[in-house]
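Undergrad: Got a sequence here, can you build the structure:
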Amino acid sequence: MAIVQLRHDTDGRAYYRRRLAEGKPPLEALRALKRRLSDVVYRQMLADAKRLETGPGEHTGRL
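TA: As a prediction, the model looks like this:
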């Protein structure tokens, strides 16, 4: 997911470039981007779980 963000003109690429401009090495900037993306995914999972009235990783038992 992070590599795709870097290949296209996205917010992820801008974030990566900001980290490089701060003097971070490329691998450190990539790690920061991966962490940022994982935080976004986790927040979305929590929002979905709240909407469905379940906990993270749980299911409602309904299909």
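Undergrad: Flag the shaky bits of this protein, pLDDT-wise.
TA: In the predicted model of the chain, residues 54-63 satisfy pLDDT under 70.
Undergrad: hmm, 50 instead?
TA: Along the chain, no part satisfies pLDDT under 50.
Undergrad: For it, which residue occupies the most central location?
TA: Residue closest to the mean C-alpha point of the chain, counted by Cα atoms, centre = their mean, is residue 37 at 1.2 Å.
Undergrad: What lies in contact with the helix or strand residue 13 falls within?
TA: Assigned by DSSP states H and E, residue 13 belongs to helix 11-21. Residues outside helix 11-21 that contact it (Cβ atoms under 8 Å, 6 or more residues apart in numbering) are 2, 5-6, 26, 28-30, 32-33, 36-37. Backbone N, C-alpha and C define where each C-beta goes, glycine included.
Undergrad: Mind giving me the packing neighbours of the very next helix or strand once past that helix?
TA: The C-terminal neighbour of helix 11-21 among helices and strands, as given by DSSP H and E, is helix 26-51. With contacts taken as 3 or more Cβ pairs under 8 Å, 6 or more residues apart in numbering; DSSP states H and E, helix 26-51 sits against helix 2-7, helix 11-21.
Undergrad: Out of those helices, the one nearest residue 43 is which?
TA: Distance to residue 43, taken as Cβ to Cβ, is lowest for helix 11-21 among the helices and strands packed on helix 26-51, at 15.0 Å.
Undergrad: Using CSV, please lay out the helices and strands packed on helix 26-51 together with distance to residue 46 and mean neighbour count.
TA: Formatted as CSV, the helices and strands packed on helix 26-51 follow (distance: least, Cβ to Cβ, whole Å; neighbours: other Cβ atoms under 10 Å):
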stretch, distance to residue 46, mean neighbour count
helix 2-7, 21, 14
helix 11-21, 21, 15
